[in-house]
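Visitor: Okay, predicted coordinates and the sequence, questions at the end:
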Amino acid sequence: MSYRTPLLLLALLAACQTTKREDVGGKNLTTGVVQREIRTGMASASVVEALGSPNIVTTDEEGREVWVYERFAREVVTAENNYWVIAIWGGQRSSTSSQRSLTVIVKFDEKGRVRDFAYHSSNF
């Protein structure tokens, strides 16, 4: 066995890394879904089909319904490096996280049809 074999094995063991992504909270409500699915004039049943149930249902100053959707998601990325060096176990762990939010406001007319909608997303 040459001296290169143990060095190569050591380099392979030290390079092992596991990355894990975990999405916590939130649903598949994104700005893309809102832009693609919601149109003025569509019925409230179609809005529920596209976006799901709203978090808040209220009325404006003229008594027309306003629906508010709020979604929050947190993504955690964890990386772990493990290695063996002559029967000594070592390791290093790091993680980063990010959060995002999406608020969608859908305003209906007197007939229950979308008259206007707006959305705001943020990442932090």
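Guide: Cool, got the structure.
Visitor: can you give me the helices for the protein?
Guide: Taking DSSP state H as the criterion, the chain contains helices spanning 4-14, 31-37, 44-51.
Visitor: Return the member of those helices having the minimum mean pLDDT.
Guide: Ranked by mean pLDDT, the helices of the chain end with helix 4-14 in last place, scoring a mean of 52.
Visitor: partner residues bridging A43?
Guide: Using DSSP bridges, the bridge partners assigned to A43 are R113.
Visitor: I'd assumed D109 was in contact with it.
Guide: No. When contacts are counted by C-beta atoms under 8 Å, A43 is not listed as touching D109 (10.9 Å). (C-beta placed from N, C-alpha, C; glycine too.)
Visitor: Could you list the single helix or strand in the protein with the lowest mean pLDDT?
Guide: Least confident helix or strand of the chain, by mean pLDDT, DSSP states H and E, is strand 17-24 with a mean of 44.
Visitor: which residues does V114 contact?
Guide: 38-42, 44, 47, 106-108 (C-beta atoms under 8 Å, 6 or more residues apart in numbering).
Visitor: Looking at these, which one is closest to W67?
Guide: Comparing those against W67 with C-beta to C-beta places V106 closest, at 4.5 Å.
Visitor: Look up how far R93 lies from that closest one.
Guide: Per C-beta to C-beta, to the nearest Å, V106 is found 43 Å from R93.
Visitor: repeat for S53
Guide: With C-beta to C-beta as the criterion, S53 and R93 are 39 Å apart.
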